[in-house]
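> Next come a sequence and a model predicted from it.
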Amino acid sequence: MDLTLLLILLLIVALVWRGPKTLPQLGRMFGEGIRAARRQVRGEDEQEPPAASRSADRS
């Protein structure tokens, strides 16, 4: 319950502070940051092509 209230409060503050037009950009940046952190934890390197394209290059 407390976490939900906190998230709602943060959303309201962000809406007032940044305005409704910039919220999607902030969400996108936050999501990209989370994805990058997960890739780092898993040890995936952004420079390597995906496995599917590597196997296609070999044929």
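Okay, I see it. Numbering: from 1, shown residues only.
> Just name whatever secondary elements the helix or strand hosting Ile34 is in contact with.
Per DSSP states H and E: Ile34 is located in helix 23-42. Helix 23-42 sits against helix 2-18, with contacts defined as 3 or more CB pairs under 8 Å, 6 or more residues apart in numbering; DSSP states H and E. (Glycine included, C-beta is placed from N, CA and C.)
> Who are the packing partners of the helix it packs on?
Applying 3+ CB pairs under 8 Å, 6+ apart, one finds that helix 2-18 contacts helix 23-42.
> re earlier: relative to helix 2-18, how tilted is the helix holding Ile34?
Relative orientation of helix 23-42 and helix 2-18, computed by axes from the mean of the first three to the mean of the last three CA atoms, to 10 degrees: 130 degrees.
> and helix 23-42, average pLDDT?
On average, the pLDDT along helix 23-42 is 88.
> for it, the distance to its chain's centre please.
Offset of helix 23-42 from its chain centre (CA atoms, centre = their mean, to the nearest Å): 2 Å.
> Just give the number of residues close to Ala14.
Per other CB atoms under 10 Å, the neighbour tally for Ala14 reads 15.
> tell me the contacts of it?
Leu23, Leu26 (CB atoms under 8 Å, 6 or more residues apart in numbering).
> Can you give me the distance of it to Arg39?
When distance is defined by CB to CB, to the nearest Å, Ala14 is 26 Å away from Arg39.
> do the same with Arg28
According to CB to CB, Arg28 stands 16 Å off from Arg39.
> and what of Val13?
Using CB to CB, one obtains 29 Å as the distance from Val13 to Arg39.
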